[in-house]
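1. Structure, please.
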Amino acid sequence: MRLSVAVQIASGAAAVSAAVLPNTSKRDQLVPFEYKFPTMSLDEFNAQVSSHNSSSSSSTTQGQTTTAAAEDGGGGGTVSTQAECASPFVRVEWRNMADADKLSFIKAIGCLWDAPAQGLAPPATNRYEELVWVHQQMTNTIHNAGIFLPWHRYYLWTFSRLLREECGYAAPLPWWNEVADSGNFAASGLFTDDYFGALPPINNGQGTCITNGEFGGRPLHIGPGSSNTERCLSRGEDTSVTSNVNQNFVNQCNSQGAYSDMEMCNERGPHGYGHNGLGPVMAEVSASPSDPVFFMHHSFVDHMWNQWQRSDASRFTAVGGCAAPGDNCSPMTASTTLSSMGLRPDVTVGDMLDIRGESLCYDYDS
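-> Next up, the predicted model:
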């Protein structure tokens with residue numbers, strides 16, 4: 001059974017009342033802000049794994065056997081590898097990306113945002129919001145389970161295909177090495193007038209409506225939660241939270257032998273803290289892709305998983321854990337279906353395990 005962890009509420013940041021700037025339109029409205037992604041500290045993770053391992057004498061060290069998978073709901077095992085693609089797209093760390101390519105990437109996201117919705121989701125007012133809507137609708141089945149990593153790898157790949165096929169984006173897809181900016185995400189070079197817009201400090205537990213950059217001033221319509229409320233794109237960095245996205249945490253996650261332990265550490269460690277530390281929109285689970293920096297954050301999460309896989313070739317075929325959260329869950333296997341609700345054709349978990357395989361055909365620059 002998957003280990004459970006209560007949602008942490010960061011210091012002084014329980015839900016606050018909605019703040020509306022005077023004499024502004026709905027697109028300038030803030031919504032109540034609370035840290036909604038479940039997190040666990042590094043010490044808590046170590047204690048949980050120690051307790052878990054001491055009570056599971058049959059646990060293995062490589063995370064690919066049916067024993068390790070059964071600890072999180074059964075199933076698992078290994079799958080056959082895919083043939084490597086001949087010319088993979090290389091994802092480039094933001095700091096290594098040419099300025100022209102950075103601008104092209106930002107403009108391509110703006111292109112999706114300006115494109116009309118295609119009827120996939122009635123609340124969506126544009127193509128980008130259809131992408132957000134898919135995450136909103138599926139959020140209860142794609143988090144807190146073994147499926148978290150393969151589904152979000154698929155979602156990030158879907159995003160990249162929309163950029164290339166519908167907006168003509170031809171440059172490398174960037175990824176963000178967040179540990180280089182631990183405790184100071186605002187200094188990463190992403191949050192500027194030319195790119196994603198500002199990342200101000202959190203202010204009395206609340207974020208700030210973003211007015212600059214490609215996405216500043218654009219109203220959001222998907223979320224929060226299961227609602228569809230017009231509001232602003234808001235951010236506010238809590239450096240006490242983003243400081244948890246650090247190399248020590250990453251190293252501890254990627255030192256785990258079992259997929260289930262690595263996945264839990266990734267999801268409730270750097271992944272959760274990265275979301276919560278960026279402010280209101282990113283901290284709201286279901287509609288967090290409303291802030292396009294979501295895809296930069298998840299490129300880091302995916303890179304973490306890829307690094308874990310690369311440290312042992314057998315991990316490119318290791319599967320296990322739950323296909324959806326909950327006790328007595330169905331096991332995730334290589335044949336488990338991953339859906340984007342019509343944005344792209346469905347795939348299987350097995351299709352998502354090796355980024356250099358023919359299904360995905362990409363790599364990282366480091």
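2. and residue 191, what does it touch?
-> By CB atoms under 8 Å, 6 or more residues apart in numbering, the residues touching residue 191 are 185, 197-199, 213, 235. Glycine gets a C-beta too; all of them are placed from N, C-alpha and C.
3. Relative to residue 309, which of these is nearest.
-> Of all the contacts of residue 191, residue 309 sits closest to residue 185, with 25.7 Å by CB to CB.
4. who's in contact with the closest one?
-> Contacts of residue 185 by CB under 8 Å, 6+ apart are 178, 191, 199, 237, 239, 242, 277-278.
5. What is the nearest of those residues to residue 357?
-> Distances from residue 357 to these, taken by CB to CB, are shortest for residue 178, at 25.7 Å.
6. could you dump the contacts of residue 185 to CSV with secondary structure?
-> Formatted as CSV, the contacts of residue 185 follow (DSSP: H, G, I helix; E, B strand; the rest coil):
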residue, secondary structure
178, helix
191, coil
199, coil
237, strand
239, helix
242, helix
277, helix
278, coil
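7. Most neighbours among these, which one?
-> residue 277 (30 neighbours; other CB atoms under 10 Å).
8. Got the confidence number for it?
-> With respect to pLDDT, residue 277 scores 97.
9. is it true that it touches residue 242?
-> Yes - using CB atoms under 8 Å, residue 277 is in contact with residue 242, at 3.6 Å.
10. Quick check: the gap between residue 29 and residue 96.
-> Using CB to CB, to the nearest Å, residue 29 is found at 38 Å from residue 96.
11. Give me the more crowded residue out of those two.
-> Using other CB under 10 Å as the criterion, residue 29 and residue 96 rank with residue 29 on top: 19 against 13.
12. For the more buried one, list each beta-bridge partner.
-> residue 20 (DSSP bridges).
13. pLDDT score assigned to it?
-> Residue 29 is given a pLDDT of 71.
14. What's the separation between it and residue 219?
-> As judged by CB to CB, residue 29 and residue 219 stand 9 Å apart.
15. What's the local residue count around residue 47?
-> Residues near residue 47, counting by other CB under 10 Å: 12.
16. actually residue 116, not the one I typed
-> 10.
17. tell me the SS of it?
-> Under three-state DSSP, the three-state class of residue 116 is coil.
18. Report the contact partners of it.
-> 126-127.
19. now do residue 278
-> Counted by CB under 8 Å, 6+ apart, residue 278 has contacts 185, 199, 235-237, 242, 291, 293, 297.
20. Turn those into TSV, columns for pLDDT.
-> Formatted as TSV, those follow (pLDDT from 0 to 100):
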residue	pLDDT
185	99
199	99
235	97
236	97
237	98
242	98
291	99
293	99
297	99
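21. between those residues, which is nearest residue 136?
-> For those, the nearest to residue 136 is residue 291 (13.3 Å; CB to CB).
22. That closest one: neighbouring residues, count only.
-> Residues contacting residue 291 under the criterion other CB under 10 Å number 27.
23. Hmm, it is touching residue 231, no?
-> No - applying CB under 8 Å, one finds residue 291 not in contact with residue 231, separated by 11.7 Å.
24. Output the longest helix belonging to the chain.
-> In the chain, with assignment by DSSP state H, the single longest helix is helix 148-167.
25. who does residue 228 bridge with?
-> Using DSSP bridges, the beta-bridge partners of residue 228 come out as residue 223.
26. ok now do it, which residues does it touch?
-> Residues in contact with residue 228 (CB under 8 Å, 6+ apart) are 123, 221-222.
27. most neighbours, which of the residues you listed?
-> Ranked by neighbour count (other CB under 10 Å), the contacts of residue 228 have residue 222 at the top, with 27 neighbours.
28. Can you give me the pLDDT of the closest residue in space to it that isn't next to it in sequence?
-> Closest residue to residue 222 in three dimensions, ignoring its sequence neighbours and counting by CB to CB, 6 or more residues apart in numbering: residue 132, at 4.4 Å. If you check residue 132, the pLDDT there is 99.
29. Show me what counts as buried in the helix or strand harbouring residue 132.
-> Here residue 132, judged by DSSP states H and E, is contained in helix 127-138. Within helix 127-138, the residues that qualify as buried are 127-138, counting by 16 or more other CB atoms under 10 Å.
30. Same question for stretch 313-324.
-> Buried, per 16+ other CB under 10 Å, within stretch 313-324: 315-324.
31. got it, and stretch 336-350?
-> 336, 338-340, 343-344, 347-350.
32. Poorly predicted segments of the stretch 151-300 of the chain, please.
-> For the stretch 151-300 of the chain, no stretch has pLDDT under 70.
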